[in-house]
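Undergrad: Predicted model, plus sequence, below.
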Amino acid sequence: MPITAEFDYVKPKDMDEALQVFSRYGDKARALAGGTDLVVHLKEGLAKPEVVVDIKALAELSGFALKGGVLRIGALATFAELIASPLIKSKFPVLWEASLTVASVGVRNRATVAGNICSAVPSADSAPALAVYEAEVLVRGLKGLRRIPIGEWFTGPKKTALLPGELVTALELKLPEKKHGGCYMKLARYEGEDLAQGGVAVLALADNTYRVAVCALGPKPGRCPKTESALNANKLSDKVLATAKEAILQEISPIGDIRSSKEYRLHMAQIMLERAAGHAVARLFGKGPAYGTENIA
Amino acid sequence: MKKHDIQFKLNGEKIAITVEPNDVLLDVLRGRLGIKSPKVGCDRGDCGTCTVLLDGRTIRSCLALAVEADGAEIVTLEGANTTRKWTQRLQKKFHEKNAFQCGFCAPGVILSATELLETNPKPSEHEIKEAIAGNLCRCTGYEPIVEAIAETVKGK
């Protein structure tokens, strides 16, 4: 299908040039990295930019590195690069596990983590993992740098805190100070390529505190503080889990759609929470299933 | 729209072509360069039948702008079967195992399998299924495809 929308294409060689373009065109400019969402939006007329700005020549946006306990993921880092990285697998296993569930190999070879959160669909698989690692989104504009906590990034379905004229340059994740285990549990109709009907990430830390975040269970992905309170400072017992499973129902508001009913999502959110918490704690102690092997399909 | 003069390598051959910013790579390959192995299926990245190798990795050519190919190396099934170690072996095994019927998905599946075997020459059945999860086949039920890939490595 040809793209009927007309636009210009530029590929800036450095950040200054890129920011000039974003500043001049404002919301009429769209950044192009992997293009796996943008090109679909161009084809379907959901995006109608005057200029498409290919950011792939901006070398400072590529790759990722862990320095001083902070993982910086450049805006050009793809899911395939994260999956291939022993660093991500060992230090940020929930992000690694979530990355494996994104679309398929040929999409992950191009799709970026930054692009995933810029598209900001409620089912963004990377979002719960970024939330439990308390990520910050780094955005640049001509006025300077802003750091936006991931909890303030998503403002609604397909809506973010990015302002016209700004570009996401990186994500920064804090390596948890304490030993941790985690799990991203995705509910899909089948194994392999599918959108999440629901997703729950749990991070269990060595001091018996927990971080819980969800996607596809409400208009935007994010943390579940009441569920965390129910789990915190507790060993996972049936009683604690029962309280947490009640709590999560107060924090999610799933819709019913072609892929599942609202009631099914509410029910499965509890199941996913229970299983993900169980795996997270087991993995904290070096047991449990290997990362990347457990999902509900 | 300002047109762009781009150059890239296509199956080993240097290509110089002028494209519009909104030209999709798949459409340029099929419509202007005579490359017919990548097919137009879902046209939105879900079905995998438009798969090509861009700088050695599989991508969805329906989700790439043609202008992005500037300076890149693109290999399609037409070129892969003489330049990539596994491709022709896969093709022979697919033929032998009846691993395609209508053939619409086959170029994409074979390129995905090529990429898999180049990085992981001893894949498990699960790894094979994961590697081709983004390539939809409506004829075979996948079993002969998975078998053909597994037997290609075993050299049976």
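TA: That came in fine, so what should we check first?
Undergrad: show me the contacts for the closest residue to chain B within the stretch 151-297 of chain A.
TA: Residue nearest to chain B within the stretch 151-297 of chain A: A:G192 (3.1 Å; C-beta to the nearest C-beta). (Each C-beta comes from the backbone N, C-alpha and C, glycine too.) The neighbours of A:G192, taking C-beta atoms under 8 Å, 6 or more residues apart in numbering or on different chains as the test, are A:S104, B:K129, B:E130, B:A133, B:G134.
Undergrad: Can you verify my assumption that the second one contacts B:E143?
TA: No: counting by C-beta atoms under 8 Å, no contact exists between B:K129 and B:E143, whose distance comes to 10.5 Å.
Undergrad: Are any of the contacts of A:G192 buried, and if so which?
TA: With burial judged by 16 or more other C-beta atoms under 10 Å in any protein chain shown, the buried subset of the contacts of A:G192 is A:S104, B:K129, B:E130, B:A133, B:G134.
Undergrad: how about the residues of chain B that lie near chain A?
TA: Chain B comes close to chain A at residues B:1-2, B:4, B:21-24, B:27, B:40, B:43-46, B:48, B:51, B:57-60, B:62-65, B:67-68, B:112, B:115-116, B:129-131, B:133-135, as judged by C-beta under 8 Å from any C-beta of the partner chain.
Undergrad: Just the buried ones among those residues, please.
TA: Looks like these have B:4, B:21-24, B:27, B:40, B:43-46, B:48, B:51, B:57-60, B:62-65, B:67-68, B:112, B:115-116, B:129-131, B:133-135 buried, using 16+ other C-beta under 10 Å.
Undergrad: pLDDT weak spots in chain B?
TA: Scanning chain B for pLDDT under 70 picks out the ranges B:156.
Undergrad: mind listing the strands for it?
TA: B:4-10, B:13-19, B:51-54, B:57-60, B:73-75 (DSSP state E).
Undergrad: ok, back up a step: the contacts of A:G192 in helices, which ones?
TA: Among the contacts of A:G192, the members falling in helices (DSSP state H) are B:K129, B:E130.
Undergrad: Go through the contacts of A:G192 and name the one nearest A:K287.
TA: Nearest to A:K287 among the contacts of A:G192: B:E130, at 24.2 Å, using C-beta to C-beta.
Undergrad: For that closest one, list the residues it contacts.
TA: A:V105, A:G192.
Undergrad: 7 Å - rerun?
TA: B:E130 sits next to A:G192 when contact means C-beta atoms under 7 Å, 6 or more residues apart in numbering or on different chains.
Undergrad: Against A:L203, how distant is it?
TA: 25 Å (C-beta to C-beta, to the nearest Å).
Undergrad: nearest to A:G141, of the buried ones among the contacts of A:G192?
TA: Among the buried ones among the contacts of A:G192, and counting by C-beta to C-beta, the member closest to A:G141 is A:S104, at 33.9 Å.
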